[in-house]
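Chemist: Okay, sequence plus prediction incoming.
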Amino acid sequence: MAKRDYYEVLGLSRGASEAEIKKAYRRLARKLHPDVNPGDKAAQKRFQEVQEAYDVLKDEEKRRAYDRFGHAGPGGGFDPRTAGGAGFPPGGFPGAGGRGSPFEGIHFESGDFGDLFGNIFGGRRSSGPEPGEDLRGQIEVPFRDAVLGGTATLTLRREKPCPTCGGTGRTGKTVCATCRGEGVVASSERLPVRIPEGIENGGTFRVRGKGGPGVHGGPVGDLYVTVSVLPHAYFERHGNDIHGIVPITVKEAYTGAEIPVPTIRGVVTAKIPAGTQSRQRFRLRGKGVKAPGASSTGDHITSFGS
Ligand SMILES: [Zn+2]
């Protein structure tokens, strides 16, 4: 049987954009996937064909060679074993449709999502176990939680094959009402995470086993969460020290006084000596930040202002 044109296989024209290729591939892979069509030899063959076409057209270099030389291209003979690879991941399609972020209310590097999908369906040549993709997200954390550690709940939004139509988007001759023909439905998972004590603004922590599903029994990927620390009304972090300002009266500065100083670790009574100058700094040892992996804790530095 003559090999079909790769563009034709994906239902595209020659000038199709990268996004169009990806989209066509996703749609077809979803529809033709062996898990959706058990025992259907024709679908399996089509799936392999689609897989192979995508493998070439998604790769700029291979695509250029194919555009020039067709199937007989130099260095041709694209690996026919590309097909039949990954099954649906156990959790369904992680973010297949690229419909927004898998996190609610937090940012997500959408590029990773595309890659995640691509790696699950596209061009896995090995049939051995492969680890799942790592995912990345971002979360805003209150100052106090970043210093002392705390908990947060992430909402991971993923897409999974539609249970009504099995991912085909159709029930009989009509468009599936559950997924409106999309083939996927949204599912969300609320995931409690621990914010590590002392994490700084821009720091990242890992949540094991919450990334993309592994392939052929490979381990599940991890989720990397980057922390954006919200500013505090009174405290500022400088390295592992925390700076704060406490107002005092002129009389207190002149005569000396015992002043309650709020720190992130509670209120400490500080004795200021007589004749304290405005903005003079005092160091309260061990009342600052204990950075992850550090053996010592930073200080609270307070300056008194009148
Ligand atoms: Zn459906």
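Modeler: Thanks, I have it.

Chemist: From now on I want contacts and neighbour counts done on CA atoms only, so please keep to that.
Modeler: Fine.

Chemist: Around Gly288, how many other residues sit close by?
Modeler: Residues lying near Gly288 (other C-alpha atoms under 10 Å) number 27.

Chemist: contacting residues for it?
Modeler: By C-alpha atoms under 8 Å, 6 or more residues apart in numbering, the residues touching Gly288 are Asn240, Asp241, Ile242, Thr263, Ile264, Arg265, Thr297, Gly298, Asp299, His300.

Chemist: ok, the fifth one - contacts?
Modeler: Contacts for Ile264 were tallied using C-alpha under 8 Å, 6+ apart; they are Arg144, Val147, Lys287, Gly288.

Chemist: go again using 10 Å as the cut-off
Modeler: By C-alpha atoms under 10 Å, 6 or more residues apart in numbering, the contact list for Ile264 reads Phe143, Arg144, Val147, Leu148, Tyr234, Phe235, Ile242, Gly244, Lys287, Gly288, Val289, His300.

Chemist: so what's the residue lying closest to the fourth one once chain neighbours are set aside up against?
Modeler: Same thing as Leu148. Among residues not flanking Leu148 along the chain, Glu197 sits closest, at 4.9 Å (C-alpha to C-alpha, 6 or more residues apart in numbering). Counting by C-alpha under 10 Å, 6+ apart, Glu197 makes contact with Arg144, Asp145, Ala146, Val147, Leu148, Gly149, Gly150, Val289, Lys290, Ala291, Pro292, Gly293.

Chemist: for Thr276, same thing?
Modeler: Thr276 neighbours (C-alpha under 10 Å, 6+ apart): Ile248, Val250, Glu252, Ala253, Tyr254, Thr255, Gly256, Ala257, Phe304, Gly305, Ser306.

Chemist: Now with 6 Å, please.
Modeler: Shown in contact with Thr276 (C-alpha atoms under 6 Å, 6 or more residues apart in numbering): Ala253.

Chemist: Can you classify it by secondary structure?
Modeler: On the three-state scheme (DSSP: H, G, I helix; E, B strand; the rest coil), Thr276 is labelled coil.

Chemist: Distance check, it against the ion.
Modeler: 73 Å (C-alpha to the ion, to the nearest Å).

Chemist: per-residue confidence averaged over stretch 218-236?
Modeler: Mean pLDDT, stretch 218-236: 91.

Chemist: if we can go back for a sec, got the contacts of Glu197 as CSV, with neighbour count, distance to Arg46 and secondary structure columns?
Modeler: Shown next, in CSV, are the contacts of Glu197 (neighbours: other C-alpha atoms under 10 Å; distance: C-alpha to C-alpha, whole Å; DSSP: H, G, I helix; E, B strand; the rest coil):
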residue, neighbour count, distance to Arg46, secondary structure
Arg144, 18, 56, helix
Asp145, 19, 52, helix
Ala146, 25, 52, helix
Val147, 26, 55, helix
Leu148, 18, 55, helix
Gly149, 17, 52, coil
Gly150, 15, 50, strand
Val289, 27, 59, coil
Lys290, 21, 58, coil
Ala291, 20, 55, coil
Pro292, 12, 52, coil
Gly293, 8, 53, coil
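
Chemist: Kindly indicate which of the residues you listed lies nearest the ion.
Modeler: Within those, the smallest distance to the ion is 39.6 Å, found for Gly150 (C-alpha to the ion).

Chemist: Enumerate every residue touching the nearest residue to that closest one once chain neighbours are set aside.
Modeler: Computed as C-alpha to C-alpha, 6+ apart, the closest residue to Gly150 that is not its neighbour in sequence is Ile195, at 5.0 Å. Going by C-alpha under 6 Å, 6+ apart, Ile195 touches Gly149, Gly150, Thr151.

Chemist: for Asp222, same thing?
Modeler: By C-alpha under 6 Å, 6+ apart, Asp222 lies in contact with Asp134, Val207, Arg208, Gly209, Lys210, Gly211.

Chemist: mind checking pLDDT for the third one?
Modeler: To tie it back to what came earlier, the one meant is Arg208. Note for Arg208: predicted pLDDT of 91.

Chemist: Phe205 - how many residues pack around it?
Modeler: Applying the criterion other C-alpha under 10 Å, we find 15 residues in the vicinity of Phe205.

Chemist: Which element, helix or strand, includes it?
Modeler: If you go by DSSP states H and E, Phe205 is part of strand 204-207.

Chemist: helices or strands next to the helix or strand just after that strand in the packing?
Modeler: With elements assigned by DSSP H and E, the helix or strand that comes after strand 204-207 is strand 223-229. Where contact means 3 or more C-alpha pairs under 6 Å, 6 or more residues apart in numbering; DSSP states H and E, strand 223-229 is packed against strand 135-141, strand 204-207.

Chemist: Where among the ones you listed is average confidence lowest?
Modeler: Looking at the helices and strands packed on strand 223-229, the bottom one is strand 135-141 with a mean of 88.
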